[in-house]
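[1] below: sequence and its predicted model.
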Amino acid sequence: MADLFTKSPPITIFKKMVHKIGMQKFKDVLITGRKYALYSFFLSREANEEYAKSLRVIVDRMFKCLSLGLGLEAHEMMEAAGGEDIVYLLKINYYPPCPRPDLALGVVAHTDMSCITLLVPNEVQGLQVFKDSHWYDVNYIPNALIVHIGDQVEILSNGKYKSVYHRTTVNKDKTRMSWPVFLEPPSEHEVGPIPKLVNEANQPKFKTKKYKDYVYCKLNKLPQ
Ligand SMILES: O=C(O)CCC(=O)C(=O)O
Ligand SMILES: [Fe+2]
């Protein structure tokens, strides 16, 4: 086990996980409930490396578009989000069939804390987004990536881009899975409205703070 934590870059995901939940709990998780998802992490290291490489290309383009959309230079948004040090955090969601989907949710309504999230679902319907007081199903499109704007892009853009409020439902007969990659600033990185976007007429709508402090407040439901 120790060996696994000293090798190549994707292992930082596990280090991060261990750091978050503690080694004992991590081992407990490995031998109990979420065995399936965590084993698939270990077994598919190469696949994850390949996937991360492909995602990088898309991530660079997405940040460029977001930057240009705000009238900034192409590189500015990504730099403000942590540049080369942006963290790629892969999570695997596993939603088994549920006898009473009318009484349960897969994931409760939330916005992602990340800058952006790139998500691949399987073909089972479940993701919903909230708009104009309604929940809308996100249709499954084969080979398409789903992109969420997360809280950090909302902050960087001083509210011009809104983080998407979403949730997941569960299915009576089918198992749903999804593989989101959260693109996060490094934990010590300070995130706030990009100075060029702030002036007399556009006062900052968000505090500037370290990403780790943002996460702490959000997870503990404290005011930001
Ligand atoms: O499973 C999904 O489609 C979305 C999951 C999600 O919102 C999350 O993990 O943050
Ligand atoms: Fe989410």
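    Received, thanks. Ligands and ions are numbered 1, 2, ... in the order given.
[2] mind checking the SS state of Val108?
    On the three-state scheme (DSSP: H, G, I helix; E, B strand; the rest coil), Val108 is labelled strand.
[3] isn't it up against Arg167?
    Yes: contact status for Val108 versus Arg167: in contact at 6.0 Å, counting by CB atoms under 8 Å. For every residue, glycine as well, the C-beta is placed using N, CA and C.
[4] of these two, who's got more company?
    Between Val108 and Arg167, counted using other CB atoms under 10 Å, Arg167 has the larger neighbour count: 16 against 7.
[5] gap between the more buried one and ligand 1?
    Using CB to the nearest ligand atom, to the nearest Å, Arg167 is found at 7 Å from ligand 1.
[6] name the nearest residue to Asn171, ignoring sequence neighbours.
    In this structure, Asn171 finds its nearest non-sequential neighbour in Val124, 5.5 Å apart by CB to CB, 6 or more residues apart in numbering.
[7] burial count for the one you found?
    With other CB under 10 Å as criterion, Val124 counts 18.
[8] how much space between it and Tyr165?
    Going from Val124 to Tyr165 by CB to CB, to the nearest Å gives 21 Å.
[9] same check on Val108?
    On the measure of CB to CB, Val108 and Tyr165 end up 11 Å apart.
[10] all helices of the chain, in order?
    11-21, 23-31, 35-43, 45-69, 76-80, 151-156, 211-219 (DSSP state H).
[11] isn't the residue nearest to Asn171 up against Thr175?
    Yes: with contact defined as CB under 8 Å, Val124 reaches Thr175; the gap is 7.0 Å.
[12] quick check: neighbours shared by those two?
    Jointly contacting Val124 and Thr175 under the rule CB atoms under 8 Å, 6 or more residues apart in numbering are Tyr95.
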